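Asks: No sequence on hand, only this structure:
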């Protein structure tokens, strides 16, 4: 690779003979028309401390300086450009000459320190054919360019360049017609590769650099070649490397400097490296096995040891000495056990004589710890959609068995492929997508990475649905007999709130009202609990019967009862029950009242009397209303009944026990007319009214 003086200069120094291009004594000689890429760093010796050198008037050159020297070999205009690499850094320059020594520079013949940003001009600076001024700056003064120099053969000029503002390098481009010495070309050469065969495989070995000198010089006479370990040393021409040279890095870049008698120079570079195979040290080979020994092919390690193993010869040994001496090879098939075995790999490059490298690795077996087979994971379906959320970590302890939980981790996957590739681990609560659904588990030993596999099924099973028979249930409080409550048979187990339980106990007997529950278990082990209320009920107690009579047609019977039951009512036979406890317009006379508990706790009865008088008397012996009497009045044996005509004459007093009045007076039939009565009852009631006698 060719270089155009791309320099990284040394730190500033104050030694007079410091070999550094920021010292005039060691200025870089500009040859031909080649552009130079330069990067000044620091300042060197203060040349202006010498009595024959005058400091530039336009600027103090004390930041980052470089000295260049131009030896003119033919007359012409001397012009050049200084071009900042980033287009903005501020470079200043001063020119001394014509002169031949750094101790008699005299005063500068050109001096430029224009700040391009302050002046509003481009950052390029130098000499051209159009400017007339010979000094400019500092700050906004000037435009960056000064008048050219009429140079003559034999003149020498020194250019002092300083980077006043900025941090990057610059290009020096010679543009004048005044001739400069022809440059030289350091020819490129191939990289050197040598085998490290000095008995110590450390990657460092001697290289014959001088053998490259003819190729670097080519047909260029009056030149010398030196070798350097840094570009800076090569540019300055210091710290020559002595051949044969032992590399200090592998690979290492070497810089070749070709210099002619006129001071022109050029640089090329190449690399030196040991040809021993560059090996990577493999990680331990730890085979996971269910057995205590396992066959292993050592050739499998080759791509790990070197990236392209096809061009090398491999052998395997049980000691480093055997590998170096290439004795007692083993394999490539070896038997590994749980005891670690160190394998030394010798890799030889057949293109060189006895050129090889050695590395090693340990190989052994990690015996796989077995996972315990877990039971299927069953959840009972709460909403009957066959979907549930499973916390798979609940299976960790089953899969671990007796293995310590701090040394293993259980991972879950929804497919065998995911488990094989260890992707898409199930990390959260998992919702099944099918029923049943298989889950694939890996029991991973943390210290070895070895794992065993197992699987189980996610099962979503329906919950049982017990239903109580004959709800609602009632218990008759006055009864001493138990009643039965039951749910459907066929479940696997029944557990009642009465502490009774059993596989066939779908029915129990109870002797008191209350809340009763049963938990049933189906064939999947799913449970469900239902509750029923056994309500209290009982036969009614008739508290009062309110009879509204002598009010035809608005007579009523109202039955008032007490009790916890739900009751219905009937009057006389045939018994027809009604929900209402009121009977309207009952017939006159005695009645039998029935009150029945709707919940089956029994019926009570009572007799009542509805009194009212007949409105007509038709004594024609047809069997209807042949006598006039109050139906049921016999219940009041002491009652007194008086019959009057319309004028108030007492016609008859009849007994409540008699068959009644036949419509005669002293045996004589009375005519059709309205007649009046008066009844005095034992309960102190007095009833008056009238009826019609028809003949």
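Replies: Structure's in. What do you need? All values reported here derive from a predicted model rather than from experimental measurement. Numbering: from 1, shown residues only.
Asks: Check what pLDDT the nearest residue in space to residue 462 that is not next to it in sequence gets.
Replies: Spatial nearest neighbour of residue 462, excluding adjacent residues (CB to CB, 6 or more residues apart in numbering): residue 381 at 5.3 Å. (Glycine included, C-beta is placed from N, CA and C.) The confidence metric pLDDT takes the value 89 at residue 381.
Asks: next one: residue 641
Replies: In this prediction, residue 641 carries a pLDDT score of 95.
Asks: can you give me the end-to-end distance of stretch 179-196?
Replies: One end of stretch 179-196 sits 50 Å from the other (CA to CA, to the nearest Å).
Asks: Buried residues of it, list them for me.
Replies: Buried positions in stretch 179-196, judged by neighbour count with 16 or more other CB atoms under 10 Å: 179-181, 183-187, 189, 192-196.
Asks: hmm, back to that, any idea how far residue 414 is from the residue nearest to residue 462?
Replies: Distance of residue 381 to residue 414, given as CB to CB, to the nearest Å: 20 Å.
Asks: Run through the strands of the stretch 551-695 of the chain in chain order.
Replies: Assigned by DSSP state E, counting those that start in this stretch, the strands in the stretch 551-695 of the chain fall at 556-562, 567-571, 582-584, 589-597, 602-610, 616-617, 640-644, 650-655, 664-665, 668-669, 673-680, 686-693.
Asks: Redo those as a markdown table? Include mean neighbour count and distance to residue 489.
Replies: Below are the strands of the stretch 551-695 of the chain laid out as a markdown table (neighbours: other CB atoms under 10 Å; distance: least, CB to CB, whole Å):
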| stretch | mean neighbour count | distance to residue 489 |
| --- | --- | --- |
| strand 556-562 | 17 | 39 |
| strand 567-571 | 20 | 34 |
| strand 582-584 | 15 | 46 |
| strand 589-597 | 18 | 30 |
| strand 602-610 | 16 | 31 |
| strand 616-617 | 18 | 68 |
| strand 640-644 | 19 | 70 |
| strand 650-655 | 16 | 70 |
| strand 664-665 | 13 | 79 |
| strand 668-669 | 10 | 81 |
| strand 673-680 | 16 | 67 |
| strand 686-693 | 14 | 66 |
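Asks: ok, now which ones touch residue 126?
Replies: Contacts here follow CB atoms under 8 Å, 6 or more residues apart in numbering; on that basis residue 126 touches 79, 80, 81, 82, 93, 144, 145, 146, 175.
Asks: The third one - how many residues pack around it?
Replies: Right, the one you point to is residue 81. 18 (other CB atoms under 10 Å).
Asks: Quick one: residues in contact with the helix or strand containing it.
Replies: Element membership for residue 81 (DSSP states H and E) is strand 80-84. Outside strand 80-84, the residues within contact range by CB under 8 Å, 6+ apart are 90-91, 93, 123-127, 159, 161, 166, 168-176.
Asks: now swap in stretch 519-533 and tell me
Replies: So stretch 519-533 is contacted by 378, 380-381, 459, 461-468, 471-473, 485, 487, 491-495, 497, 514-518 (CB under 8 Å, 6+ apart).
Asks: From the residues you listed, which land in strands?
Replies: 378, 380-381, 459, 461-462, 473, 485, 493-495, 514-518 (DSSP state E).
Asks: Tell me the one of these nearest residue 211?
Replies: Residue 211 lies nearest to residue 459 out of the ones in strands among the contacts of stretch 519-533, by CB to CB, at 81.4 Å.
Asks: how about low-confidence regions in the chain?
Replies: Counting by pLDDT under 70, the chain contains low-confidence residues at 1-20, 33-35, 198-199.
Asks: Go again with 80.
Replies: Low-confidence segments of the chain (pLDDT under 80): 1-20, 32-39, 100, 196-203, 232, 235-236, 275, 352-354.
Asks: So for it, the centremost residue is which one?
Replies: By CA atoms, centre = their mean, the chain has its centre lying nearest to residue 427, at 8.9 Å.
Asks: Which phi and psi values does the residue nearest to residue 110 when sequence neighbours are not counted adopt?
Replies: Spatial nearest neighbour of residue 110, excluding adjacent residues (CB to CB, 6+ apart): residue 95 at 4.0 Å. When read as degrees, to the nearest 10, the backbone of residue 95 gives phi -120, psi 130.
Asks: Show me what residue 95 is bridged to.
Replies: residue 110, residue 159 (DSSP bridges).
Asks: you'd agree it is up against residue 107?
Replies: No - between residue 95 and residue 107 there is no contact under CB atoms under 8 Å: 10.5 Å.
Asks: More neighbours: the two, which one.
Replies: More crowded of residue 95 and residue 107, by other CB under 10 Å: residue 95, with 24 against 12.
Asks: looking at this, residue 324 is in a strand?
Replies: No - counting by DSSP: H, G, I helix; E, B strand; the rest coil, residue 324 is located in no strand; its state is helix.
Asks: OK, contacts around it?
Replies: Residues near residue 324 by CB under 8 Å, 6+ apart: 201, 346, 358.
Asks: returning to what we had before: report the buried members of the contacts of residue 126.
Replies: Buried among the contacts of residue 126 by 16+ other CB under 10 Å: 79, 80, 81, 82, 93, 144, 145, 146, 175.
Asks: quick one: which of the residues you listed is nearest residue 615?
Replies: Of these, the one sitting nearest to residue 615 (CB to CB) turns out to be residue 144, at 146.5 Å.
Asks: how about the closest one, what does it touch?
Replies: 112, 114, 116, 119, 121, 122, 123, 124, 125, 126, 136.
Asks: Export the residues you listed as a markdown table, with columns for secondary structure.
Replies: Below are these laid out as a markdown table (three-state DSSP):
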| residue | secondary structure |
| --- | --- |
| 112 | strand |
| 114 | strand |
| 116 | helix |
| 119 | helix |
| 121 | coil |
| 122 | coil |
| 123 | coil |
| 124 | coil |
| 125 | strand |
| 126 | strand |
| 136 | strand |
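Asks: Which of those has the largest number of neighbours?
Replies: Ranked by neighbour count (other CB under 10 Å), the contacts of residue 144 have residue 112 at the top, with 30 neighbours.
Asks: Correct me if wrong: it contacts residue 134.
Replies: No - Residue 112 sits out of contact with residue 134 when judged by CB under 8 Å, with a separation of 9.2 Å.
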